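Asker: Sequence first, then the predicted structure, then my questions.
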Amino acid sequence: MKLNVEQRKMVELEPNGHMLIKGVAGSGKTTVAIRRVSFLQMHYCLEEDDHILLVTFNKTLLNYIHYQYSKLEDEEKGDIENWLSGDSDVVIKTIDKLMYNYFMSYLNRHKLKLQIADRPATFKTIQQAIMKLKEEFVEIKLLSPKYSRFLLDEIAWIKSCGIPDEETYQQIDRIGRSTGSRNTPQKLTKNSKTRKAIYQLKEQYDLLLEKKGLVDFKTMNLLALQQAQEVGKTKYTHILIDESQDLTKVQLHFLKAIHADKSYGSITFVADNTQSIYSHSWLGKGRPYTTIGYDMSGKARVLTKNYRTTTEISKAAYGLIEHDEEIMGGNVDFVKPSLIDRHGHAPIYRFFLNNQLQLQFFTDEINQLRQEYRLEDICIVAKEKRLIEDIAMNLEKEGIPTEILHQNKPDFGKEAVNLVTMHSIKGLEFKVIFLAHLDDGVLPNIAQVDVEDEETVNTEERKLLYVGMTRSNELLYMSSVKKPSKFLKEIDPNQLRFKRDTSLRPFQRVAISEYRFVEQIIDVNAKEEMVRQWMIQQLMNTFHYPLDLIEVEYEVQQFSKYGYVDLAVMIHVNGGEKLPYIFIETKSYGSGIIDAKEQVKSYMNTSNHVRYGVATDGVDISIIDRNGEEVSDIPKCQPHFLPETKYKSNYKDFRNLKEYDYLQDKDDLNSIEVVDQSTGLIKDMNNAIQVPIVGNVAAGIPTMAVEDYRDTLSIPEDWLIQARDTFALQVTGDSMIDEGIQPGDLVLVHRQQTANNGDIVIAVIDEEATMKKYTPMGSTILLLPANTNYEPIQMNADDVLINGKVIGGVLNKGDM
Ligand SMILES: Nc1ncnc2c1ncn2[C@@H]1O[C@H](COP(=O)(O)OP(=O)(O)OP(=O)(O)O)[C@@H](O)[C@H]1O
């Protein structure tokens, strides 16, 4: 893989304090960071104590980096191999692991024995703390065990931001807690008794934990920071922070504290705020770098090309971002993506009425995909762990091996379908991604709304879906069960497909005001009408059938009974007769298609013309051909399905013996299209000549100057010898029918007095013109008809006047 110019520049930039690499998903930020580690190691580790640190946010990503680079070609590996194996001055760690080590040193230094509290212990302790403070803050309703989750989260936030005292907490802008919506207990107004109560609760809770020999995770972070600030153990000359938008303020300060301040040292932030999915993150919320002590003016570099996903997937994913007010409102540093010209299948969206159907879909689809992809190229992603565990269990039952990518050493290379949560897939990529359970209630998760402001939850969860979508290299499936996530509505349905290898878009409700054929529909409010109207819209917009070719309640006769097909697509056969081509049976949404399939088959049997049958309930679809075989798509409308708007004749060029289709628009006979019959190529008509139609063959061509003829024939210039001397005559007799020249045809005649053997000529005998083949025989001339009913005419050469040579003819003009 060759880095692009921008990427290479970033890799090889002379280190100069701090810098920011920002870019869209898949633009190579992590790739650049890894290569930059090698560059810095080679050129800017000058002293014994120079070390480089590459920090990642989660462990899956860390292991993924190892896996990706184990796959590199030998010459690409270079020294990356060395530092990945831990055998150098480069340390590559997750932020948690790194801080945990400092926390342990802190405990040693202070001879303390503290353990990290698990979730049940934190809940129990917060409830005890609430009880202790309740009397002091009777009027604060928030101080109740039922808001434990909310309170714990607020305390965690206070610690994540490193807020040192109550006074600071009273003053601080609380992003994400501004509106106090639906289930949020109340607004956390500045300088309020509520904030006072919360802060005191935090102190009480920490005290109680300490008494139990415990600290929570965020206190562990604070102690690690303290250790880093107080004891200058190992310092890193260069620090590169991947996904830095997800780090808390305390984590960022910690990294600052372990950064060695050397003239050739550097700290590189790698970030994409559109992928900020943690509510306690600091920079991801749009806060400036100056809040952590870095001025980024002139220090930011941007990567805009998404190398990972196809244009089709990228476009659908950006649709989500465009609905994010926080990002679009300019509060968040957003990089506008540019698309690379790599195309593939549009994302597929499926809706399922129950979980079982979704599981069945995964099994069927993966079994199909197995023919093209290795199982390890496929990854199923869902918001929650329990959901991926359920899917994994089911796939195993169906004989498909799975690997849940846990934080602990996931095995990326195993011949198995990967499963991972949405948060953990950050930074990873797979050829095929299934985003499962994009359900209302799961994404966004309503339960979370009581700890966060609703808009904050929305924006975070929308980004989560964005992150998930941008993980796919080639194929992206999205599915929901029972009720779709509201975010799916933000994706333009034209960017999605109903299933693989089809142009059909997923079901969408059509507004009743846009219903078609209302005068023929008995009940516009009937449930099944929704599906029929969606199908009509699809036939018109996606498959390009004009409304004229669509019929509802198409009557068919089955023995003595009549049946009515919900939808029939008609086509004009050979431009003429209108016959049914596709029959469609629509059922009410989600009601199943078994009956509809049978029905459509039996209707198809009533007509020899129908080629395709479709049965759909908007959730499932079956498309069959005449033989009852399933096909993947509805055929698109073809030009020859439409009524004929042109007269079609044959043009025979007698000089070159070539034949052409000669098409005249019925409304404008001089609007001509000419197609070479041997090559199928359309002839350029830019230099067409208007040849006058001067009369009929019996009259011959006038010897006088010809002017102002009303009717003309458009003829390409290169078919003529000389435009000035060319005329068209209508054929009157049938003496040349064996040459394909019929009465009524038009022949093109070049005015000349001589002819060669075999030429078809207009010869004048006794002032009457006739069209024959010219054959000179000594002093006589034989004029040969091309019709066995007529005798050749033998004349003295002197008695025959050649009027002109037939150079071509517009033949079989039919009903002109
Ligand atoms: N110049 C390039 N040419 C071809 N492929 C590239 C190039 N740069 C990066 N890629 C590929 O694009 C994909 C995304 O790269 P990478 O994971 O580094 O992006 P990222 O910006 O860190 O993405 P994200 O923020 O979404 O995790 C990888 O498969 C990588 O190999």
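Answerer: Everything's here; your move.
Asker: So Lys336 is in contact with Thr304, correct?
Answerer: Yes. Counting by C-beta atoms under 8 Å, Thr304 is a contact partner of Lys336 at 6.9 Å. Glycine gets a C-beta too; all of them are placed from N, C-alpha and C.
Asker: Those two: which has the busier surroundings?
Answerer: Neighbours around Lys336 and Thr304, counted as other C-beta atoms under 10 Å, are more numerous at Thr304. The numbers are 15 against 9.
Asker: ok, now which ones touch the residue nearest to that one when sequence neighbours are not counted?
Answerer: Distances taken as C-beta to C-beta, 6 or more residues apart in numbering place Ser338 nearest to Thr304, at 4.5 Å, with adjacent residues excluded. Applying C-beta atoms under 8 Å, 6 or more residues apart in numbering to Ser338 gives the contacts Thr304, Lys305, Asn306.
Asker: Just the pLDDT at the residue of the stretch 151-300 of the chain found nearest the ligand, thanks.
Answerer: Ranked by C-beta to the nearest ligand atom, the top residue of the stretch 151-300 of the chain for proximity to the ligand is Asp272, at 5.1 Å. Note for Asp272: predicted pLDDT of 89.
Asker: Please work out how many residues are found near it.
Answerer: Asp272: 26 neighbours (other C-beta under 10 Å).
Asker: Could you double-check that it sits in contact with Ala25?
Answerer: Yes. Counting by C-beta under 8 Å, Ala25 is a contact partner of Asp272 at 6.3 Å.
Asker: Tell me the residues on this protein that lie near the ligand, please.
Answerer: 1, 3-4, 7, 23, 25-31, 272, 275, 307-308, 427, 429, 470 (C-beta under 6 Å from any ligand atom).
Asker: possible to save the contacts of Ser338 as TSV with pLDDT and secondary structure?
Answerer: Formatted as TSV, those follow (pLDDT from 0 to 100; DSSP: H, G, I helix; E, B strand; the rest coil):
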residue	pLDDT	secondary structure
Thr304	87	coil
Lys305	87	strand
Asn306	86	coil
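Asker: List just the nearest of these to Leu142.
Answerer: The closest of these to Leu142 turns out to be Asn306 (C-beta to C-beta; 43.6 Å).
Asker: Identify the residue nearest the closest one in space, chain neighbours excluded?
Answerer: Closest to Asn306 by C-beta to C-beta, 6+ apart is Gly26, at 4.3 Å.
Asker: The one you found - that's part of a strand, no?
Answerer: No. Using DSSP: H, G, I helix; E, B strand; the rest coil, the assignment for Gly26 is coil, not a strand.
Asker: Angles on the backbone of it, please.
Answerer: With angles defined as degrees, to the nearest 10, Gly26 sits at phi 80, psi 20.
Asker: Please apply the same query to Val619.
Answerer: phi -100, psi -40.
Asker: Burial check on it, number of neighbours?
Answerer: 20.
Asker: With adjacent residues omitted, what lies nearest to it?
Answerer: Gly590 (4.7 Å).
Asker: count of residues packed around the one you found?
Answerer: Using other C-beta under 10 Å as the criterion, the residues surrounding Gly590 number 15.
Asker: check contacts around it.
Answerer: Taking C-beta under 8 Å, 6+ apart as the test, what Gly590 contacts is Leu353, Asp617, Gly618, Val619.
Asker: quick one, what contacts the closest residue to the second one other than its chain neighbours?
Answerer: Spelled out, it's Asp617. Nearest residue to Asp617 in three dimensions, chain neighbours excluded: Lys587, at 4.1 Å (C-beta to C-beta, 6+ apart). Counting by C-beta under 8 Å, 6+ apart, Lys587 touches Glu528, Val531, Ile593, Asp595, Ala596, Ala615, Thr616, Asp617.
Asker: Looking at the residues you listed, which are in helices?
Answerer: Glu528, Val531, Asp595, Ala596 (DSSP state H).
Asker: Turn these into CSV, including pLDDT and neighbour count.
Answerer: As requested, the ones in helices among the contacts of Lys587 are exported to CSV (pLDDT from 0 to 100; neighbours: other C-beta atoms under 10 Å):
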residue, pLDDT, neighbour count
Glu528, 88, 18
Val531, 97, 28
Asp595, 95, 13
Ala596, 96, 25
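Asker: quick one: least confident helix or strand in this protein?
Answerer: Least confident helix or strand of the chain, by mean pLDDT, DSSP states H and E, is helix 74-77 with a mean of 61.
Asker: Tell me, how many residues neighbour the residue of the stretch 551-700 of the chain found nearest the ligand?
Answerer: Residue of the stretch 551-700 of the chain nearest the ligand, by C-beta to the nearest ligand atom: Ser632 (29.1 Å). Number of residues near Ser632 (other C-beta under 10 Å) recorded here: 11.
Asker: part of a strand, is it?
Answerer: No. Applying three-state DSSP, one finds Ser632 to be coil, outside a strand.
Asker: Pretty sure it sits against Arg500.
Answerer: Yes. Counting by C-beta under 8 Å, Ser632 touches Arg500, with 7.1 Å between them.
Asker: I would like the residues contacting the helix or strand containing Thr31, please.
Answerer: Thr31 is part of helix 29-43, with elements assigned from DSSP states H and E. By C-beta under 8 Å, 6+ apart, the residues outside helix 29-43 that reach it are 1, 3, 7, 10-12, 15, 21-23, 52, 54, 61, 65, 69, 78-80, 83, 88-90, 92, 238, 240, 242, 266, 268, 270-272, 303, 427.
Asker: Please pick the buried ones from those.
Answerer: 7, 10-11, 15, 21-23, 52, 54, 61, 65, 80, 83, 88-90, 92, 238, 240, 242, 266, 268, 270-272, 303, 427 (16 or more other C-beta atoms under 10 Å).
Asker: Show me which helix runs longest in the chain.
Answerer: The chain, longest helix under DSSP H: helix 193-211.
Asker: count of neighbours near Glu14?
Answerer: Glu14: 8 neighbours (other C-beta under 10 Å).
Asker: hang on, the earlier thing: same list (the contacts of Ser338) but as a markdown table, adding distance to Arg724.
Answerer: Formatted as a markdown table, these follow (distance: C-beta to C-beta, whole Å):
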| residue | distance to Arg724 |
| --- | --- |
| Thr304 | 62 |
| Lys305 | 61 |
| Asn306 | 63 |
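Asker: closest to Val764 among those residues?
Answerer: Lys305 (76.3 Å).
Asker: That closest one bridge partners, please.
Answerer: Ser338 (DSSP bridges).
Asker: Next, work out how far apart it and Arg342 are.
Answerer: Distance, Lys305 to Arg342, using C-beta to C-beta, to the nearest Å: 10 Å.
Asker: again, but for Arg386
Answerer: 35 Å.
Asker: which one of those two has more residues nearby?
Answerer: Arg342 (16 against 10).
Asker: Identify the residues contacting the more buried one.
Answerer: If you count contacts by C-beta under 8 Å, 6+ apart, Arg342 has them with Thr310, Thr311.
Asker: Now do the strands in the stretch 651-800 of the chain.
Answerer: 658-665, 668-676, 688-696, 712-716, 726-730, 746-751, 760-765, 768-777, 780-784, 793-796 (DSSP state E, counting those that start in this stretch).
Asker: try the stretch 201-350 of the chain
Answerer: So, for the stretch 201-350 of the chain - with DSSP E, counting those that start in this stretch - the strands run 214-215, 238-241, 266-271, 300-303, 348-352.
Asker: By mean pLDDT, show me the worst of the ones you listed.
Answerer: strand 300-303 (a mean of 91).
Asker: residues in contact with that strand?
Answerer: With C-beta under 8 Å, 6+ apart, strand 300-303 has contacts from 6-7, 9-10, 13, 19-24, 27-29, 32, 335.
Asker: Given that strand, what are its sheet partners and their directions?
Answerer: strand 17-23 (parallel).
Asker: what's the most distant pair in the contacts of strand 300-303?
Answerer: Largest separation among the contacts of strand 300-303 by C-beta to C-beta: Leu13 and Val24, giving 19.9 Å.
Asker: coming back round to it: mean pLDDT lowest where, among the strands of the stretch 651-800 of the chain?
Answerer: strand 668-676 (a mean of 87).
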